[in-house]
Structures are given as C-alpha cells and as structure tokens.
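Q: here is a sequence together with a model predicted from it:
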Amino acid sequence: MHILILGGTRFLGRCLAEIALERGHALTLFNRGHSDPDLFPAAEKLIGDRDSKLGALAGRHWDAVIDTCGYVPRIVQQSAALLANTVNHYTFISSLSVYADASSPGIDETAPVGILEDESVEVIDEKTYGPLKALCEQTVAAALPGRTLIIRPGLIVGSYDRSDRFTYWPYRIAQGGEVLAPGRPGRPVQFIDVRDLATWTLDMIEARQTGIYNANGPVKPVPMGELLTTCQDVVRGDATLTWVSDAFLVEHNVGPWMEMPLWIPESDPDATGFFAFDCSKAVVAGLKYRPIAETIRDTLAWANTRSADYAWRAGMKREREAELLTLWRQL
C-alpha cells in the first residue's frame with residue numbers, strides 16, 4: 001500500500017511510520033519538517049502545514065491516510081476535503097476524551113460525545129480538547145463517508161512519549177528508595193503500548209476496516225499496585241512503596257495526573273469510568289497487548305537514553321515526594 005501519514009515523526013506517528021516501512025509499504029510523511037527531519041530516509045517527505053499550506057498534497061493519490069495530529073475541526077476539514085477524492089481510506093486518531101460523561105465504567109463507542117456551545121472555538125484546554133476531537137471525527141466522516149476509521153486511544157505509553165505520564169513510574173522506581181504510591185493499590189488504571197496501538201491500526205488499515213473503536217488496554221484494567229510491583233520486578237532495585245491515601249494527597253494539593261501520574265482521586269466524579277473504558281470491540285477486531293513488563297522494560301531503557309538534565313513534563317519532584325512522605329509518617 002501507499003500510505004500517507006500527516007505527522008509521522010513523533011511518538012505514535014513515528015511508530016506507525018516505522019512499522020509501515022518494516023511491512024514494505026510505500027510511505028509518505030507530510031509535516032513541517034521541524035521534528036527529527038532525518039528520520040526514515042526510505043520515506044517520501046512532503047513539507048507543508050496543515051493550516052492552509054497543503055499544496056504539496058495536491059494532485060496526489062494514496063491508498064490510505066493516517067491523521068495523527070488533528071485537533072481543530074477547521075484545520076482537519078482542509079486535509080479531509082483535499083484528500084477526499086484522492087485517498088481510498090482515512091484513519092483519524094481521536095481520543096477517549098471525546099465522551100461527554102466518564103463517570104461510569106464500561107463506556108463503549110455508542111456513548112454520547114461532548115458538545116461545544118461555540119463550535120468555532122479553537123483554544124485547546126481540558127474542557128475543549130475532547131469535544132473538539134469529536135468534531136474532528138465528524139468532519140472526517142462527513143468528507144469521506146463509509147471510508148473512515150476512527151480510533152479513540154486512552155493513555156498511549158512507551159518510547160518517545162513526551163508526556164512522561166507513564167515513564168515516570170519505571171524511572172522513579174529504578175532510582176530506588178522510598179517511593180510515594182498514590183491511593184489504593186487495587187485502584188485500576190488503563191494504558192496502551194504505542195507499538196500495540198500502531199500494529200493494530202495498520203492491521204485495520206490493511207484490511208480496509210471502518211468504524212469507531214475505543215483503543216485502550218489491557219483487556220482488563222490493571223490495579224495500580226500490580227503496575228508498580230511489576231516495575232519493581234523489572235528494575236530489580238531497592239525501591240519500596242509507601243501507599244498514601246487520596247484524602248492526604250488532596251489535602252496537600254497534589255496535582256492529579258501530571259504531578260502524580262496515573263492518579264485521579266476516587267472522589268472525582270469521573271474517576272470510576274476514566275480507567276474502565278470498554279475496548280472489547282477493538283479486541284474482537286484483533287487488538288492485542290504485550291506483557292506489561294515488556295512495556296516497562298523498554299520504556300525505561302528509552303528513558304535512560306535522555307540527558308541527565310532532562311526537564312520532566314510530568315511526575316513529582318523528589319523534594320516534594322520526601323516532604324509528603326515525612327508528613328504522612330507523622331500522622
């Protein structure tokens with residue numbers, strides 16, 4: 001197949017490009033050429049911008065396009081309209097954040113999506129990100145009816161993840177010592193290895209599959225305690241876990257998700273469903289998951305290649321962690 005990726009040099013796009021080339025597909029990357037432009041010398045590279053600078057795509061034909069970086073409907077409309085008559089199949093990478101209500105477990109693809117009162121809004125924040133993604137989905141589906149594959153991942157993890165929301169844990173546990181572990185050990189979490197998501201996405205494209213799919217993992221949510229003890233097993237260090245209650249973390253203004261990765265207080269109305277989406281449709285369609293230990297090992301190996309002065313985007317500072325652990329022991 002001749003595949004066009006909008007993006008293709010960062011995280012999921014990078015993994016999709018790598019696997020597509022390994023499978024022998026002819027690959028074209030369209031992006032601004034700012035991020036790792038020397039990657040994938042075997043791929044054709046077209047330079048442009050999604051917002052009004054799509055000329056390099058005009059007059060071309062591809063079997064399939066993968067849109068990894070669409071966030072604003074107006075901009076997505078430009079590529080979808082241009083490619084509608086020149087591609088056979090359009091995959092849009094969306095998000096589980098599209099759902100209007102994540103307060104209940106078991107949300108599947110039929111659940112209502114978020115709505116914006118003003119659909120012209122282009123400011124992306126916690127409130128607008130999901131509804132904007134939902135509008136992007138609708139834009140693509142309207143431009144290419146019957147030829148669209150919409151994939152809604154949750155937290156994507158692994159090498160080259162710039163968010164650090166998963167990477168924090170194997171890296172922190174590898175540093176050893178007393179580690180602050182948030183909430184209940186039995187609290188479930190969900191995430192998907194970028195390689196599993198990319199492999200399945202390409203399987204679906206090769207089979208010309210269409211429709212909407214939640215794509216998170218594993219098959220059953222993993223208890224946070226199991227995730228962290230698996231990190232301990234993988235790194236074989238001297239880290240010990242001290243489990244600290246939600247109430248204490250909230251009282252001390254610990255930031256969920258970013259300061260304390262993979263943690264949302266269970267008092268949050270969205271906490272119950274946030275890590276319990278129903279992804280059975282994707283599993284039936286062939287989505288498979290590698291062992292968690294493999295994801296931990298490979299993520300840590302990649303994290304260790306970064307410079308010592310790397311500025312982490314998520315995760316608790318060691319000084320803050322030590323302070324909170326001291327306060328916790330004084331209770």
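A: Looks like it came in fine. Numbering: from 1, shown residues only.

Q: please make it C-alpha for all contacts and neighbour counts, starting now.
A: OK.

Q: could you pull out the helices in the protein for me?
A: Chain-ordered helices for the chain, with DSSP state H as the definition, fall at 11-22, 73-83, 129-143, 168-175, 194-206, 224-235, 246-251, 271-274, 280-284, 292-303, 318-329.

Q: could I get these as a markdown table with distance to residue 115, mean pLDDT and mean neighbour count?
A: Converted to a markdown table, the helices of the chain look like this (distance: least, C-alpha to C-alpha, whole Å; pLDDT from 0 to 100; neighbours: other C-alpha atoms under 10 Å):
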| stretch | distance to residue 115 | mean pLDDT | mean neighbour count |
| --- | --- | --- | --- |
| helix 11-22 | 26 | 98 | 20 |
| helix 73-83 | 13 | 97 | 20 |
| helix 129-143 | 5 | 98 | 23 |
| helix 168-175 | 33 | 98 | 21 |
| helix 194-206 | 27 | 98 | 20 |
| helix 224-235 | 32 | 98 | 19 |
| helix 246-251 | 29 | 98 | 15 |
| helix 271-274 | 18 | 86 | 20 |
| helix 280-284 | 24 | 98 | 17 |
| helix 292-303 | 35 | 98 | 19 |
| helix 318-329 | 38 | 98 | 13 |
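
Q: so for residue 47, which of these sits nearest?
A: Within these, the stretch nearest residue 47 is helix 73-83; the backing value is 14.0 Å (C-alpha to C-alpha).

Q: just how off-centre is that closest one within its chain?
A: Average the C-alpha atoms of helix 73-83, do the same for its chain, and the two points are 22 Å apart (C-alpha atoms, centre = their mean, to the nearest Å).

Q: circling back: could I get the helices of the chain in TSV, plus columns for distance to residue 217?
A: Formatted as TSV, those follow (distance: least, C-alpha to C-alpha, whole Å):
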stretch	distance to residue 217
helix 11-22	16
helix 73-83	27
helix 129-143	19
helix 168-175	17
helix 194-206	9
helix 224-235	13
helix 246-251	24
helix 271-274	12
helix 280-284	9
helix 292-303	10
helix 318-329	29
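
Q: out of the ones you listed, the one nearest residue 62 is which?
A: Where the helices of the chain are weighed against each other on C-alpha to C-alpha, the nearest is helix 73-83, at 8.8 Å.

Q: what sits up against that closest one?
A: With C-alpha atoms under 8 Å, 6 or more residues apart in numbering as the test, helix 73-83 has contacts from 50-52, 54, 57-58, 70, 132-133, 135-136, 139-140, 143-144.

Q: widest-spaced pair of the residues you listed?
A: Among the contacts of helix 73-83, the pair separated by the greatest distance (C-alpha to C-alpha) is 58 and 132, which sit 26.0 Å apart.

Q: if I pick the spatially most central residue of the chain, what's in contact with it?
A: For the chain, the residue sitting closest to the mean C-alpha position, by C-alpha atoms, centre = their mean, is residue 156 at 3.1 Å. Going by C-alpha under 8 Å, 6+ apart, residue 156 touches 191-194, 216.

Q: go with 7 Å
A: 191-194 (C-alpha atoms under 7 Å, 6 or more residues apart in numbering).

Q: what of residue 221?
A: When contacts are taken as C-alpha under 7 Å, 6+ apart, residue 221 is in contact with 188-190, 275-276.

Q: from those, which is closest to residue 16?
A: The shortest separation between residue 16 and any of those is 21.2 Å, and it belongs to residue 190 (by C-alpha to C-alpha).

Q: count of neighbours near that closest one?
A: Taking other C-alpha atoms under 10 Å as the neighbour definition, residue 190 ends up with a count of 21.

Q: next one: it from residue 245, what distance?
A: Between residue 190 and residue 245 the distance, using C-alpha to C-alpha, to the nearest Å, works out to 20 Å.

Q: any idea how far residue 240 is from residue 145?
A: The separation that residue 240 has from residue 145, given C-alpha to C-alpha, amounts to 53 Å.

Q: closest one to residue 160 among the helices of the chain?
A: Go through the helices of the chain one by one with C-alpha to C-alpha and the one that ends up closest to residue 160 is helix 11-22, at 5.2 Å.

Q: which elements pack onto the closest one?
A: helix 194-206 (3 or more C-alpha pairs under 7 Å, 6 or more residues apart in numbering; DSSP states H and E).

Q: repeat the analysis, applying 10 Å as the threshold.
A: strand 2-6, strand 26-31, strand 64-67, strand 156-157, helix 194-206 (3 or more C-alpha pairs under 10 Å, 6 or more residues apart in numbering; DSSP states H and E).

Q: any idea how far the third one is from the middle of the chain?
A: In terms of C-alpha atoms, centre = their mean, the centre of strand 64-67 is set 17 Å apart from its chain centre.
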